[in-house]
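Asker: how would this look folded up:
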Amino acid sequence: MVKQAGFGGGCHWCTEAVFSSLKGVHAVQQGWIASDGDNASFSEGVIISYDAEIISFATLIAIHAYTHSSTSQHPMRDKYRSAVYTFNDDDVQLAKEAIEALQSEFNEPLITCVLPYQAFNPSRNELKDYYFNNPQKPFCELYINPKLKLIMQRFSRVANHEKLKHLKQ
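Answerer: Numbers count the residues shown, from 1 in each chain. I've put the predicted structure just below:
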């Protein structure tokens, strides 16, 4: 069953690389996501299409929590809103339960919000699949590689090992 979800929290290059590295994720669109109310402004993020029979929504949320500053209320939160964006009412409760279950694994409170998806503006074409087109760039080596190595170690069963074989362990 193919489903959709949105994630925001850090640089969309990082977030795109994280979700593109997982089994069961069919597509990742990076860009800017908006919700409603106080979160109606656009913030960096991705929209993914995934096979829920291969990777669960809860696993995706756990990976997201571990691969961005999900406990930090830093000054760039307007640009990098920590959020799970839902596309249907059923996923709202699932996302809230997944975040609540993860809390015991973190020393500080998770600040990741569950928000309804409202709008998306994709990144320019030359920025899409940034990491896999530029893995040797200093930004990628410094910020993205550690996230992908964490996936290989902590979430190995859902990591796309073929796609990540270039990483030095």
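
Asker: Please, where are all the strands along this protein?
Answerer: For the chain, the strands defined by DSSP state E occupy 2-8, 25-34, 43-51, 83-86, 113-116, 119-122.

Asker: mind listing what the second one pairs with, with the direction of each?
Answerer: It refers to strand 25-34. strand 43-51 (antiparallel), strand 119-122 (antiparallel) (DSSP bridges).

Asker: For the last one, output the C-alpha coordinates as CSV.
Answerer: Extracted in CSV, the C-alpha atoms of strand 119-122 (Å, rounded to 0.1, in the frame of the first residue of the first chain):
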residue,chain,number,x,y,z
ALA,A,119,0.9,23.1,0.4
PHE,A,120,4.3,22.3,-1.1
ASN,A,121,6.7,24.2,-3.3
PRO,A,122,9.4,22.0,-4.9
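
Asker: which residues touch it?
Answerer: Outside of strand 119-122, the residues within contact range by CB atoms under 8 Å, 6 or more residues apart in numbering are 6, 29, 30, 31, 32, 33, 34, 42, 47, 128. Where C-beta positions appear, they are placed from N, C-alpha and C, glycine not excepted.

Asker: ok, and for it, which residues are buried?
Answerer: The neighbour-count check on strand 119-122 (16 or more other CB atoms under 10 Å) flags residue 120 as buried.

Asker: Which residue ranges of this structure form helices?
Answerer: 12-20, 57-66, 89-102, 130-133, 138-139, 145-154 (DSSP state H).

Asker: So, low pLDDT: which residues of the chain?
Answerer: 168-169 (pLDDT under 70).
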